[in-house]
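*Asks:* Curious how this folds, go ahead:
(one chain, ligands or ions: 1)
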Amino acid sequence: MKSRHALPLALITIVVGALTAASMLLIDWYPDQASEQAPRVDHLLWFLMICSAVIFTGVTAVLIYCAWRFRVPEDDESEGPPNHGNTRLEIIWTVIPILLLVVVAVWAVKVQLDNEAVAADQTAISVTARQFVWEFDYPGTNVQSGDLRVPVGKQVRLDMRSPDVIHSFWVPEIRFKQDVVPGRTTHMIFDPTKVGTYPIICAELCGAGHGLMRGRLIVMPQAEYDAWLNQAKQQVAAPPANAPAPAATPGG
Ligand SMILES: [Cu+2]
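*Replies:* Next up is the predicted model:
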């Protein structure tokens, strides 16, 4: 590169780079991390964001500089000089993306394997997604709820079914999204790490009420979860005399 290009191009790169970095760092892009899996997903996403930002900065800086430095008068309709390419440049812009894609592919497979590693001790819960509600059944009990309650610090396995159309179970704070497909059971595992209440969102357009198909994931300390489950079991076992057969328990 001739030196007369270097300084202005460097200055433009610094300005574009600073604006790009600011937009990455000053905006809170990610929701809370509420599962053991979330940081792994976020590290990979940050790597992709940083690579994208570097490439964006380089391309935009060159584009702005060239548009300014090599502009022609408005009435200049002449062709530019012929260009037969540049072998070195072409090798560089082929090899770097190949390396990046290999790194991302290997990293993504590792994240998936780590995130799907099955723990010996799991809380298994059956999920039914129907137009337009989520229902949760706690195996070994007759307890059913409209909120998904799980104990913190123990792996949760969801076995998910749909009697009607395709839905998608999504909790942003967990970082997982899984389709629920009629005719088969799909599974999802996650390890909740943070007590709290998080939104469950249907992420697959499933009909007129899709936008309202929301639930809550309530992550509780183990003792509170045990107490809730015991109380719910008792209520299911001994309904009030004049009540119809129970389906849902208090607390949703
Ligand atoms: Cu939906």
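
*Asks:* strands paired with the longest strand along the chain, and their directions?
*Replies:* In the chain, ranked by residue count with DSSP state E as the criterion, the top strand is strand 122-130. Strand 122-130 sits in its sheet next to strand 133-137 (antiparallel), strand 155-161 (parallel), going by DSSP bridges.

*Asks:* quick one: contacts of the first one?
*Replies:* So the one you mean is strand 133-137. For strand 133-137, contacts defined as Cβ atoms under 8 Å, 6 or more residues apart in numbering pick out 125-129, 143-149, 169, 200, 202, 213, 215. The C-beta positions use only the backbone N, C-alpha and C, and glycine is treated the same way.

*Asks:* swap in the last one?
*Replies:* Strand 155-161 is touched from outside by 118-119, 121-129, 150, 169, 178, 180, 182, 184-192, with contacts defined as Cβ under 8 Å, 6+ apart.

*Asks:* what comes up buried for it?
*Replies:* Neighbour counts over strand 155-161 (16 or more other Cβ atoms under 10 Å) mark Gln155, Val156, Arg157, Leu158, Met160, Arg161 as buried.

*Asks:* what about the closest residue to Gln144 other than its chain neighbours, neighbour count?
*Replies:* Excluding its sequence neighbours, the residue lying closest to Gln144 (Cβ to Cβ, 6 or more residues apart in numbering) is Asp137, at 5.2 Å. Around Asp137 there are 16 other residues, counting by other Cβ atoms under 10 Å.

*Asks:* again with Val180
*Replies:* For Val180, the neighbour count with other Cβ under 10 Å is 25.

*Asks:* Now for it: which residues touch it?
*Replies:* Val180 makes contacts with Val127, Ala129, Met160, Arg161, Ser162, Ile166, His167, Ser168, Phe169, Thr186, as judged by Cβ under 8 Å, 6+ apart.

*Asks:* so the second one makes contact with Trp170?
*Replies:* This points to Ala129. No. Applying Cβ atoms under 8 Å, one finds Ala129 not in contact with Trp170, separated by 11.0 Å.

*Asks:* what about those two, which has more around it?
*Replies:* Comparing Ala129 with Trp170 by neighbour count (other Cβ under 10 Å), the higher total belongs to Ala129, at 29 against 17.

*Asks:* give the contact list for that one.
*Replies:* So Ala129 contacts Glu135, Met160, Arg161, Ser162, His167, Phe169, Val180, Cys202, Met213 (Cβ under 8 Å, 6+ apart).

*Asks:* Return only those of these found close to the ion.
*Replies:* His167, Cys202, Met213 (Cβ under 5 Å from the ion).

*Asks:* Would you mind checking which of those is nearest to the ion?
*Replies:* Distance to the ion across these (Cβ to the ion) is lowest for Cys202, with 3.2 Å.

*Asks:* that older thread, report the distance from the longest strand of the chain to the chain centre.
*Replies:* Strand 122-130 sits 20 Å away from the centroid of its parent chain (Cα atoms, centre = their mean, to the nearest Å).

*Asks:* So which bits of that strand are buried?
*Replies:* By neighbour count on 16+ other Cβ under 10 Å, the buried set for strand 122-130 is Thr123, Ile125, Ser126, Val127, Thr128, Ala129, Arg130.

*Asks:* Any regions of the stretch 151-252 of the chain where pLDDT drops low?
*Replies:* Residues of the stretch 151-252 of the chain that meet the criterion pLDDT under 70 lie in 239-252.

*Asks:* still on that earlier bit, now the contacts of Ala129 as a markdown table including distance to Pro81?
*Replies:* Formatted as a markdown table, these follow (distance: Cβ to Cβ, whole Å):
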| residue | distance to Pro81 |
| --- | --- |
| Glu135 | 69 |
| Met160 | 62 |
| Arg161 | 65 |
| Ser162 | 62 |
| His167 | 58 |
| Phe169 | 58 |
| Val180 | 59 |
| Cys202 | 57 |
| Met213 | 60 |
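
*Asks:* Cool, thanks, signing off.
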